[in-house]
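1. model this:
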Amino acid sequence: MQRAPKLDSQVRWAALKLLPRIGLMKPLPVGDWLGRRARSNLIQTKLGRINQKLAPAPADIEIADLTCPRADGTLLPLRLYRQRGSRSTALIVYVHGGGMIMGTVGAYDAVCSKYAVFADTAVLSVDYRLAPEHRFPAAVDDVSLALKWARTSAMELRVDPRRIGIAGDSAGGGIAAGVMLKSRDEGFALSGALLIYPMLDDRTTTYPAAGPELTGPFVSWTYNDNITGWQALLGDTVSGSVSPYAAPARETNFSGLPPVYIEVGDLDIFYAEDVEFARRIRAAGGDVQLHLRPGCPHGYEVVAPRSSVARLAMQQRYDFLQALT
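-> The predicted model follows:
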């Protein structure tokens, strides 16, 4: 069996210091989405307190809670972040992570504030509906609606409708990729897509025969987690015909996409699917940046925000977004 890549030394050091503070959680069985959601809420609360000291959110930020109406009359909650005094007319619609089954907009206040300030772009975070209470296409529909609403509300938001892009991490990166494909098919040109270790392929259920087995406490998103998330999102269709808007790795047409940034670590179970997604965009003549993070697991920059690799990653993300403005 091929040996797993060695964990980045700074990430390992930070993780070893962090694990006792958040507690080493026992693995949950496949299908226990409720347990994973409860555990995620607990961990995010603890991490938020810790990282506010290690990598505090910028103070010069304006945050506003907004809504836009869905077709059924319900309201989609949104949160807008903008650097105080910024004259930028660019906007990024942000999709938070959480394996399709968990995560909150509030837990991403610091993340979105940093993008708004350090990339000098307004950020509109979407409180999309979670699975399994709301299966596909609920989340994709919510994020697509937010994009369209931002475009029609551009004057009120003080943004240029031609400079609206999308971003997301983990499951949010997968949703963002699906919305990117949907937007292209509907003739809605995005300025770009920032996809951070995106969750793209419902068929990722076990480590590849030719690749390393990724196990242990540093693998923050496991194959069992992945199976649980996809089953919650897709229900009975998980083993049948799956839309590429739900699982973008199933797309066959990669033409006509905006500039795309993809980032993933080689200790992330999404490594192979993300690299392949970037390859297919490039093969279709697309503009894609692929940033590989040696020795990095899923969510490494959250665990080790002061590490050299995390600092490099954040600067490259900011640079990509600034190039779109």
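2. which residue is nearest the middle of the protein?
-> D169 (1.4 Å; C-alpha atoms, centre = their mean).
3. Number of residues surrounding the residue nearest to it when sequence neighbours are not counted?
-> Distances taken as C-beta to C-beta, 6 or more residues apart in numbering place I196 nearest to D169, at 3.7 Å, with adjacent residues excluded. C-betas here are computed from N, CA, C, even on glycine. By other C-beta atoms under 10 Å, 23 other residues sit near I196.
4. repeat for S86
-> When neighbours are defined as other C-beta under 10 Å, S86 has 17 of them.
5. isn't it right up against D120?
-> Yes: if you go by C-beta atoms under 8 Å, S86 and D120 touch, sitting 5.8 Å apart.
6. who touches both of those two?
-> Listed contacts common to S86 and D120 are nil; contacts here mean C-beta atoms under 8 Å, 6 or more residues apart in numbering.
7. Do you have the helices of the chain handy? List them.
-> 9-22, 33-54, 109-118, 138-152, 154-157, 171-185, 223-234, 271-283, 300-303, 308-324 (DSSP state H).
8. Mean neighbour count for these - can I get that in TSV?
-> Formatted as TSV, these follow (neighbours: other C-beta atoms under 10 Å):
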stretch	mean neighbour count
helix 9-22	15
helix 33-54	15
helix 109-118	22
helix 138-152	21
helix 154-157	14
helix 171-185	26
helix 223-234	23
helix 271-283	19
helix 300-303	24
helix 308-324	17
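9. Which one, of those helices, ends up nearest to A90?
-> helix 308-324 (6.3 Å; C-beta to C-beta).
10. Residues in contact with the closest one: which ones?
-> 8, 10-11, 90, 92, 114-115, 118-121, 163, 165, 167, 191-192, 194, 196, 259, 261, 263, 289, 291, 293, 295-296, 300-301, 304.
11. still on that earlier bit, list the beta-bridge partners for the residue nearest to D169.
-> Note on I196: beta-bridge partners D169, E263, judged by DSSP bridges.
12. Report pLDDT for it.
-> Looking at I196, its pLDDT reads 98.
13. I'd assumed A171 was in contact with it.
-> No: counting by C-beta under 8 Å, I196 stays clear of A171, with 10.7 Å between them.
14. coming back round to it: check contacts around the residue nearest to the centre of the chain.
-> Neighbours of D169 in contact, by C-beta under 8 Å, 6+ apart: 95-97, 196-198.
15. mind running it again at 10 Å?
-> 94-98, 103, 108, 111, 176, 194-199, 263, 298-299, 301-302, 317 (C-beta atoms under 10 Å, 6 or more residues apart in numbering).
16. cool, I61 as well?
-> I61 makes contact with 81-84, 86, 109-110, 112-114, 116-117, 123, according to C-beta under 10 Å, 6+ apart.
17. What is the neighbour count of the closest residue to R82 other than its chain neighbours?
-> Nearest non-adjacent residue to R82, counting by C-beta to C-beta, 6+ apart: A122, 4.7 Å away. Using other C-beta under 10 Å, A122 has 27 other residues around it.
18. Compute the distance between A122 and K46, please.
-> With distances taken as C-beta to C-beta, to the nearest Å, A122 is found 29 Å from K46.
19. One more: R279?
-> 37 Å.
20. returning to that earlier point: just the pLDDT at the residue nearest to the centre of the chain, thanks.
-> Residue-level pLDDT assigned to D169 equals 98.
21. wait, doesn't L267 sit right on T222?
-> No: between L267 and T222 there is no contact under C-beta atoms under 10 Å: 11.8 Å.
22. out of those two, which sits in the busier spot?
-> The neighbour comparison of L267 against T222 (other C-beta under 10 Å) goes to L267, with 25 against 17.
23. what are the bridge partners for that one, then?
-> Those that pair with L267 in a beta bridge, by DSSP bridges, are P297.
24. Identify the residues contacting the residue nearest to D169.
-> The neighbours of I196, taking C-beta under 10 Å, 6+ apart as the test, are 97, 111, 167-170, 172-173, 176, 261-264, 274, 291, 299, 301, 313, 317.
25. cool, and Y81?
-> Per C-beta under 10 Å, 6+ apart, neighbours of Y81: 57-58, 61-64, 92, 94, 108-109, 111-117, 121-125.
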